[in-house]
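J.: show me how the following folds:
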Amino acid sequence: MLTGVPGLYRWLAERYPKCVIDAVEALPQHVGGVRIDVDTSGPNPNGVEYDNLYLDMNGIIHPACHPEDLPAPESEEEMYLAIFKYIDRRAHTTPNPCLSALDASVSQGRHTCC
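T.: Have a look, this model is predicted:
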């Protein structure tokens, strides 16, 4: 997901249609009320390995703080655990280093830099 630059995602998707795919994700199983996480050491379920992975951190942080299908984290530690768990799931789709970018609104960026 690309945010912050109007029309950039549409431009990329139209110019490079192979850069956007529907990803298949193996989900954890629940057996007897116990969650069994996915074995990420196996092959990628999409049948393709990616060279690089770029993450929009705003698209990760917001859902971790305000999940749609779960109660909101009760502490900052739970929020960070949700963020790291999501990144860990995504990082297993590529053998190369995971590149990420964290952006904020202009006023927030100025506030933290000055």
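J.: could you use CA atoms for every contact and neighbour count after this?
T.: Will do.
J.: name the helices or strands packed onto the lengthiest helix in the chain?
T.: Under DSSP state H, the helix in the chain containing the largest number of residues is helix 76-91. Contact here means 3 or more Cα pairs under 8 Å, 6 or more residues apart in numbering; DSSP states H and E; on that basis helix 76-91 packs against helix 58-65.
J.: now the helix it packs on: buried residues?
T.: Taking 16 or more other Cα atoms under 10 Å as the basis for neighbour counts, the residues of helix 58-65 that come out buried are 58, 60-61, 63-65.
J.: what's the helix or strand for R10?
T.: Secondary structure from DSSP states H and E places R10 in helix 8-15.
J.: tell me the mean pLDDT for that helix?
T.: For helix 8-15, mean pLDDT is 84.
J.: what does stretch 68-76 give?
T.: Per-residue pLDDT values across stretch 68-76 average out to 88.
J.: gap between the two ends of it?
T.: For stretch 68-76, the separation between the terminal residues is 18 Å (Cα to Cα, to the nearest Å).
J.: what's the answer for stretch 72-80, then?
T.: When the termini of stretch 72-80 are compared using Cα to Cα, they are 12 Å apart.
J.: just stretch 9-28 next, same as before
T.: The straight-line separation of the ends of stretch 9-28 (Cα to Cα) is 30 Å.
J.: distance of K18 from L12?
T.: According to Cα to Cα, K18 and L12 sit 10 Å apart.
J.: more crowded one of the two?
T.: Regarding K18 and L12, a neighbour count based on other Cα atoms under 10 Å identifies L12 as having more, with 14 against 9.
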